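Visitor: Quick one: sequence plus predicted model below, questions after.
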Amino acid sequence: MRTSKPITVTLGPQQASLEARLESGAYGSASEVIRAGLRALDREEAALDEVLRLKVAASLADARPSVAAEDVFARLRGLHAEMASDEKNNA
């Protein structure tokens, strides 16, 4: 008994990529190509999740004192104003 159900997918420009993979013989069906793509996406998302998890852990373990949000936003506003001024002067 089939554990999955058939679906319809519109690939647009990626259709050529799928067809090239089928013509190369690397894959036996469009379903195999789509499954391989989803597995690659799963691996990519898992890797990104791990990177973010490590960055959060490093941030939480950082012994440096926290910076007040008001200070951060004041600095960002200053940088933005400086960049806007530079663009205006160079226009």
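Guide: Sure thing, it's come through.
Visitor: Could you list the single helix or strand in the chain with the lowest mean pLDDT?
Guide: helix 69-90 (a mean of 93; mean pLDDT, DSSP states H and E).
Visitor: packing partners for that helix?
Guide: If you count contacts as 3 or more C-beta pairs under 8 Å, 6 or more residues apart in numbering; DSSP states H and E, helix 69-90 packs onto no helix or strand. Just so you know, the C-beta spots here come from the backbone N, C-alpha and C atoms, and that holds for glycine as well.
Visitor: Show the average pLDDT along the longest helix seen in the chain.
Guide: Among all segments of the chain classified by DSSP state H, the helix with the greatest residue count is helix 30-61. Mean per-residue pLDDT for helix 30-61: 97.
Visitor: Begin at 246 from now on, thanks
Guide: Understood, numbering begins at 246; the last thing we discussed is helix 275-306.
Visitor: what about that helix, distance to the chain center?
Guide: Taking C-alpha atoms, centre = their mean, to the nearest Å, one finds the center of helix 275-306 at 9 Å from the center of the full chain.
Visitor: List the buried residues of it.
Guide: residue 278 (16 or more other C-beta atoms under 10 Å).
Visitor: Report all helices and strands that that helix contacts.
Guide: Applying 3+ C-beta pairs under 8 Å, 6+ apart, we find helix 275-306 packed against helix 259-269.
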